[in-house]
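K.L.:
Here is a sequence with its predicted model. Questions after.
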Amino acid sequence: MKYKHIFFDLDHTLWDFERNSSESLEEIFHHHALSQYGITSLEAFVSSFLKINTALWDAFDRGQLHHTYIRENRFRMVFEELGAECPSNHAQIGEFYLNSLPTKKHLLEGALDLLTYVAAAGYGMHIITNGFNEVQARKIASSEIGHFFHNVVTFETANAKKPDRRIFEYALEIAGTTADESLMVGDNWIADILGAREVGMDTAYLNPAGLKFDEEPTYNIARLEELLLVL
């Protein structure tokens, strides 16, 4: 087989961030009675959070923000965008979210079938994520996929974050492999695809929206199950 090791991003690639996040946000909406602050629509609250959170993490990936800024400010920004009174306990709401989110277990459609196939085929399987050690470990445990992976590389363990080539070099080193034996699977064009290409890895871009770029990944897939035809 062409590859010996498959490296996966976690959030938005295997672990269904939108669905899991929406469940946690619904808990916040009711538990903290956000209507008293002027947020009367759960749908608007979830939509605003997902949009703002995505923009903040994109800025983090580009090296423009520190992760503590995201944790401390994203809910304040959501309240401001919705024209609602920002509660004095917005930091507690952020902590509630951080505690609730990793307990959610939903995977993207086709993820479990893909992981099962890849494991049975004998590939080395690893995760490369810009998430936090503790949070990502809890997500993996909650979704019961930890047994598939030999290594989980975070920006904390590698002391670098995607797309920095150092996190990919670190992941390849601890996996005991080389770039030409490896495939990176991810949903983020800059962090996952361009980062992996920088060290010579082939790439599978999970691209359900059909986004277009000047360059092409090795494989452009709309659904995870399409990888079954490659591996």
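P.N.:
Ah, there it is. Numbers count the residues shown, from 1 in each chain.
K.L.:
so Leu112 touches Phe148, yeah?
P.N.:
No: under the criterion of C-beta atoms under 8 Å, Leu112 makes no contact with Phe148, lying 9.3 Å away. For the C-beta atoms, the positions are set from N, CA and C on the backbone; glycine is no exception.
K.L.:
Thought Glu156 was touching Asn133, still the case?
P.N.:
Yes: the pair Asn133 and Glu156 qualifies as a contact (C-beta under 8 Å) at a distance of 4.9 Å.
K.L.:
How about the residue in the protein that sits furthest from its center?
P.N.:
Using C-alpha atoms, centre = their mean, the residue of the chain lying farthest from its centre is Gln36. It sits 31.9 Å away.
K.L.:
quick one: the longest helix along the chain to chain centroid distance?
P.N.:
Counting by DSSP state H, the longest helix found in the chain is helix 42-61. Put simply, helix 42-61 sits 13 Å off its chain's centre (C-alpha atoms, centre = their mean, to the nearest Å).
K.L.:
what does that helix rub up against?
P.N.:
Contacting residues not belonging to helix 42-61 are listed as 18, 21-22, 25-26, 29, 34, 39, 65-67, 69-70, 73-75, 77-78, 81-82, 130, 161-163, 188, 190-191 [C-beta atoms under 8 Å, 6 or more residues apart in numbering].
K.L.:
run the last query once more with 6 Å
P.N.:
Applying C-beta atoms under 6 Å, 6 or more residues apart in numbering, the set of residues contacting helix 42-61 from outside is 22, 25, 29, 39, 65, 70, 74, 77-78, 81-82, 191.
K.L.:
Of all pairs in the residues you listed, which one spans the longest distance?
P.N.:
Ile39 and Ala191 (30.8 Å; C-beta to C-beta).
K.L.:
For the two, indicate the residue with more neighbours.
P.N.:
Legend: neighbour count by other C-beta atoms under 10 Å for Ile39 and Ala191, higher for Ala191 (24 against 20).
K.L.:
Sticking with Ala204, tell me its helix or strand.
P.N.:
Using DSSP states H and E, Ala204 falls within strand 202-206.
K.L.:
packing partners for that strand?
P.N.:
strand 182-186, strand 219-221 (3 or more C-beta pairs under 6 Å, 6 or more residues apart in numbering; DSSP states H and E).
K.L.:
what angle do that strand and strand 182-186 make?
P.N.:
Calculated by axes from the mean of the first three to the mean of the last three C-alpha atoms, to 10 degrees, strand 202-206 forms an angle of 20 degrees with strand 182-186.
K.L.:
Just the CA atoms of strand 202-206, as PDB, please.
P.N.:
What follows is strand 202-206, C-alpha atoms only, in PDB (Å, rounded to 0.1, in the frame of the first residue of the first chain):
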ATOM      1  CA  ASP A 202       0.200  13.900   0.800                       C
ATOM      2  CA  THR A 203      -3.100  15.400   1.800                       C
ATOM      3  CA  ALA A 204      -6.800  14.500   1.900                       C
ATOM      4  CA  TYR A 205      -8.900  17.700   2.200                       C
ATOM      5  CA  LEU A 206     -12.400  17.100   3.700                       C
END
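K.L.:
Which of the residues in the longest helix of the chain are classified as buried?
P.N.:
Within helix 42-61, the residues that count as buried by 16 or more other C-beta atoms under 10 Å are 42, 45-50, 52-53, 56-57, 60-61.
K.L.:
quick check: mean pLDDT across it?
P.N.:
Computed over helix 42-61, the mean pLDDT rounds to 94.
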